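>>> Sequence and predicted structure below; questions after.
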Amino acid sequence: MGRLATRKFGAATAERLSRVLKDVADPERLAEIADAIIDCDSEKELVARVGM
């Protein structure tokens, strides 16, 4: 997911996301985060949706 976040929102956002992902073990939550990366149009929207 970090690669996708980097491509869409840049390295700084991907780094923030990686800190969130290290604590996520639930596959459904991981899928939700992946969907958010695809669906969100801005970093601000992603942060709000994922809770970064």
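Received the coordinates, thanks. Keep in mind it's a predicted model, so treat the numbers as computed, not measured. Numbering: from 1, shown residues only.
>>> pLDDT of the strand or helix carrying Glu15, averaged?
Here Glu15 sits within helix 11-21, counting by DSSP states H and E. Confidence over helix 11-21 (mean pLDDT, whole number) is 94.
>>> Export it to CSV, keeping only CA atoms.
Provided in CSV are the C-alpha atoms of helix 11-21 (Å, rounded to 0.1, in the frame of the first residue of the first chain):
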residue,chain,number,x,y,z
ALA,A,11,6.4,10.1,-0.1
ALA,A,12,5.5,12.1,3.1
THR,A,13,1.9,10.7,3.0
ALA,A,14,3.1,7.2,2.4
GLU,A,15,5.5,7.5,5.4
ARG,A,16,2.6,8.6,7.6
LEU,A,17,0.5,5.8,6.3
SER,A,18,3.2,3.2,7.0
ARG,A,19,3.1,4.2,10.7
VAL,A,20,-0.6,3.5,10.8
LEU,A,21,-0.3,0.2,8.9
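>>> got the contact list for that helix?
For helix 11-21, the surrounding residues in contact (CB atoms under 8 Å, 6 or more residues apart in numbering) are 1-3, 5-6, 30, 33, 37, 43, 46-47, 50-52. From N, CA and C alone the C-beta is placed, and that goes for glycine too.
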